[in-house]
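Student: let's see this in three dimensions:
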Amino acid sequence: MNEFLGPDGRHLSLTNGGTAVFVDVLTLAVSELAREPWDFRFAALLTLQNQNVMGRGVVGFALEELDWGESPQEAAAAKGFLLRILDLALAHHRWDELTYEPPRAEGYLRTYRAMLEAFDPATAKAGEEVLPGPQEAARASCVRHRVLNGLPFWEECVFCTDEV
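Tutor: Numbers count the residues shown, from 1 in each chain. Predicted structure coming up:
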């Protein structure tokens, strides 16, 4: 099981297949919306949830472990960005391009959105470095799949590694 943790013991526990679906639909959305440095850092974090590279059953992260920024304004912007990603994914953005039908994805996204809405970034643990740093931000795009890829960690995107 892979765990995505929220506030007050809330969590989203996903099977390996569920995690792959969750990461796929979020990757499609984050690739569309990323504009600011923090956005690309979060995109890099998503690439680190690729089980084809990292291994099955070993991915996930807690909201409180993310670097939400130096100020309340930065934290609010980061949280707003994540909410927009989830909303775009819930609108089935580019799901027609998936090679499978993601029947449970909406439930995963709604659960995670509720966790995020209840989360106060001011409660984040200082010093945790789960979110890749600015120098590790995902800035390259996979031309074939039109999503942010795993650079600087690896060259392929999550969809390319599915094809191996």
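
Student: point me to the helix or strand that includes the one residue sitting closest to the centre of the chain.
Tutor: Centre of the chain computed as the mean C-alpha position; nearest residue by CA atoms, centre = their mean is residue 46, 4.0 Å away. According to DSSP states H and E, residue 46 maps onto helix 37-47.

Student: could you double-check that residue 24 lies in contact with residue 98?
Tutor: Yes - counting by CB atoms under 8 Å, a contact exists between residue 24 and residue 98, whose distance comes to 6.4 Å. All C-beta spots, glycine's among them, are computed from the backbone N, C-alpha and C.

Student: who's more crowded, the two?
Tutor: residue 24 (24 against 15; other CB atoms under 10 Å).

Student: how much space separates that one from residue 55?
Tutor: In this view, residue 24 and residue 55 are 17 Å apart by CB to CB, to the nearest Å.

Student: quick one: contacts for residue 87?
Tutor: With contact taken as CB atoms under 8 Å, 6 or more residues apart in numbering, residue 87 is in contact with residue 113.

Student: quick one: what helix or strand has it in it?
Tutor: Using DSSP H and E, residue 87 sits within helix 72-90.

Student: now that helix against helix 37-47, angle please.
Tutor: Orientation of helix 72-90 against helix 37-47 (axes from the mean of the first three to the mean of the last three CA atoms, to 10 degrees) gives an angle of 50 degrees.

Student: now the helix or strand following helix 72-90: buried residues?
Tutor: Of the helices and strands lying after helix 72-90 in sequence (DSSP H and E), the nearest is helix 105-118. Residues of helix 105-118 classed as buried: 105, 108-109, 111-113, 115-116 (neighbour count, 16 or more other CB atoms under 10 Å).

Student: then stretch 85-105?
Tutor: For stretch 85-105, a neighbour-count test (16+ other CB under 10 Å) marks 85-86, 88-89, 93-95, 102, 105 as buried.

Student: can you count the residues close to residue 79?
Tutor: The criterion is other CB under 10 Å. On that basis, residue 79 has 19 neighbouring residues.
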